[in-house]
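J.: okay, predicted coordinates and the sequence, questions at the end:
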Amino acid sequence: MGKPPAKKGKHTAHAGTSNERTKPSTQVCSKRPTTSVTHSNAPNATADEASEIQRIILGKYSIAVWYASPYPDEYTHARDLFICQQCLKYMRHRETLDSHACPDPFPRGRRVYEDATSALFEVDGKAHTLYCQNLCLLSKLFLDQKTIYYDIGGFLFYVLLSKQPATAVGSFSSPADATEYTFVGYFSKEKSSVERNNLACILVLPPFRGQSYGQLLIELSYELTKMEGTIGGPEQPLSSQGFHSYRSYWRRAIVQALLGVLPQAEKYLRHSCGRKQHSSEDVVEQRVFSLSRLAQLTGIRIEDVLFTLEDLGLLGNWHGKHMVCIADDTIQQVISTRRINPGMRMDFNGLQVDDDAIQESLSEQESNDSDPNSSNSDSGSSADSS
């Protein structure tokens, strides 16, 4: 099958992605290597004919681009685009990159999370406009439907870096220790979303796919949602790839939540949900586990909870109402047949949030709930599903 040409994006237009879901940095940049790791596993798409950019050089990685991005015209006639990992400034020549004295040791903004292998920075699109614009232009090279590149003041960007020993080539160093960092990807979210979206756009660069970075970013978006005391989900509609990534996360998160409440006898059916009828004795005397409670535990929208429970065969019916079936043998069967790893969970105990920013965001949310035209969306998703 031939590869269709990519669509050339507009600066501020919005276009949704397809939906297959049918159910309810002051340091000088480190020296660049002379060799690179090449990645070219593009999907069914090619760069736009109006752009001659065929690949980007980012640290030690040489990455074939998938789509055109609206870089300034003088940059689109170069076959290779050289990008600084720290500030994401784009250049036409390697010599320019090698002599580039980057003022930023890390992405601007706040370091909100760090563990032994990764670090995450929250960057305000309004406060750090140039960096975020560079980030969006970079991501468009790998996202067909991304539509916002310059009007980014209403978004927060969560930038993910991998941590490696200082001997790693093609990364940038922290002045405080012997650790080097590599740009992996990011997700963005609206500061205030009428639809209560907790993620607008997500990208994991091709060299890092299949390493669970996409799942980490998705899980982080929900952790932030839970810390705000709300529920939410990704901007709709989802692309096919985005849907599969989210379905994988939803399954794991909901199974984890159900296993967590399983010992609480008052919250699950005592007998198998396979029975056609249930008497009042079948239900433990306290209130039955509800969909809204499961949504609160996971931060996942009720409609997504409902879809996932039905997808997993964990949704029963009692007296005409939906009932969550969480008998131990039922869940264990689901874990086995769907190959879900309920033990796979990120440790976000070190996650730092700005309480004032959360309150400001919630206030804006409440003021915008009555204005359906206040939403600013940025479709696009590209994340691994593992």
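T.: Perfect, I can see it now.
J.: what's the distance between R338 and Q54?
T.: R338 is 40 Å from Q54, where distance means C-beta to C-beta, to the nearest Å. (Glycine included, C-beta is placed from N, CA and C.)
J.: ditto for Y113
T.: In this structure, Y113 and Q54 are 35 Å apart, going by C-beta to C-beta.
J.: for R94, same thing?
T.: Distance from R94 to Q54, by C-beta to C-beta: 15 Å.
J.: domains of the chain?
T.: Using automatic domain parsing, the domain parsing of the chain gives 37-212+363-382, 251-337.
J.: for L199, what are its contacts?
T.: Applying C-beta atoms under 8 Å, 6 or more residues apart in numbering, one finds that L199 lies in contact with F187, S188, K189, I218, S221, G233, P234, E235.
J.: after the helix or strand hosting the third one, next one along is what?
T.: With the criterion set as DSSP states H and E, the secondary-structure element containing K189 is strand 179-190. Using DSSP H and E, the helix or strand that follows strand 179-190 in sequence is strand 197-199.
J.: what pairs with that next one, parallel or antiparallel?
T.: strand 233-234 (parallel) (DSSP bridges).
J.: buried residues in the following helix or strand past the partner strand?
T.: Using DSSP H and E, the helix or strand that follows strand 233-234 towards the C-terminus is helix 240-261. By 16 or more other C-beta atoms under 10 Å, the buried positions in helix 240-261 come out as 241-259, 261.
J.: cool, stretch 306-313 as well?
T.: Buried, per 16+ other C-beta under 10 Å, within stretch 306-313: L306, F307, T308, L309, D311, L312.
J.: quick check: closest non-adjacent residue to the last one.
T.: Taking C-beta to C-beta, 6 or more residues apart in numbering, and ignoring the residues beside it in sequence, L312 has V334 as its nearest neighbour in space, at 5.1 Å.
J.: could you give the angle of the helix or strand hosting the one you found to helix 240-261?
T.: If you go by DSSP H and E, V334 is part of helix 328-337. Using axes from the mean of the first three to the mean of the last three C-alpha atoms, to 10 degrees, the inter-axis angle of helix 328-337 relative to helix 240-261 is 150 degrees.
J.: list the helices and strands helix 328-337 packs on?
T.: Judged by 3 or more C-beta pairs under 8 Å, 6 or more residues apart in numbering; DSSP states H and E, the packing partners of helix 328-337 are helix 240-261.
J.: just checking, what packs against the helix it packs on?
T.: Taking 3+ C-beta pairs under 8 Å, 6+ apart as the contact cut, helix 240-261 packs with helix 213-227, strand 233-234, helix 291-298, helix 302-312, helix 328-337, strand 381-382.
J.: and those: which comes nearest L141?
T.: Checking the helices and strands packed on helix 240-261 against L141 by C-beta to C-beta gives strand 381-382 as the closest, at 10.3 Å.
J.: low-confidence ranges in the stretch 1-150 of the chain?
T.: 1-49, 148-149 (pLDDT under 70).
J.: from L120, how far out is Q54?
T.: Distance, Q54 to L120, by C-beta to C-beta: 31 Å.
J.: same deal with W250?
T.: For W250, the distance to L120 equals 21 Å [C-beta to C-beta].
J.: now P206
T.: P206 is 20 Å from L120, by C-beta to C-beta.
J.: who has more neighbours, the two?
T.: Set P206 next to L120 and count neighbours by other C-beta atoms under 10 Å: L120 wins out with 25 against 20.
J.: identify the residue nearest the more buried one in space, chain neighbours excluded?
T.: In space, L120 is closest to Y113, 4.2 Å off (C-beta to C-beta, 6+ apart).
J.: contacting residues around L312?
T.: L312 neighbours (C-beta under 8 Å, 6+ apart): R251, I254, V255, V334, R338.
J.: and it, what pLDDT?
T.: Each residue has a pLDDT score; the one for L312 is 92.
J.: how close does the residue nearest to Q215 when sequence neighbours are not counted get to E228?
T.: Leaving aside its chain neighbours, Q215 sits nearest to Y249 (5.8 Å; criterion: C-beta to C-beta, 6+ apart). According to C-beta to C-beta, Y249 and E228 sit 18 Å apart.
J.: repeat that for V305.
T.: With distances taken as C-beta to C-beta, V305 is found 18 Å from E228.
J.: with neighbour numbers in mind, choose between those two.
T.: In this view V305 and E228 are compared by other C-beta under 10 Å, and V305 has more residues nearby, 27 against 18.
J.: gap between that one and A257?
T.: Counting by C-beta to C-beta, the gap from V305 to A257 is 9 Å.
J.: with G229 instead?
T.: 17 Å.
J.: likewise Q241?
T.: Taking C-beta to C-beta, one finds Q241 at 25 Å from A257.
J.: then S290?
T.: From S290 over to A257 (counting by C-beta to C-beta), the distance is 12 Å.
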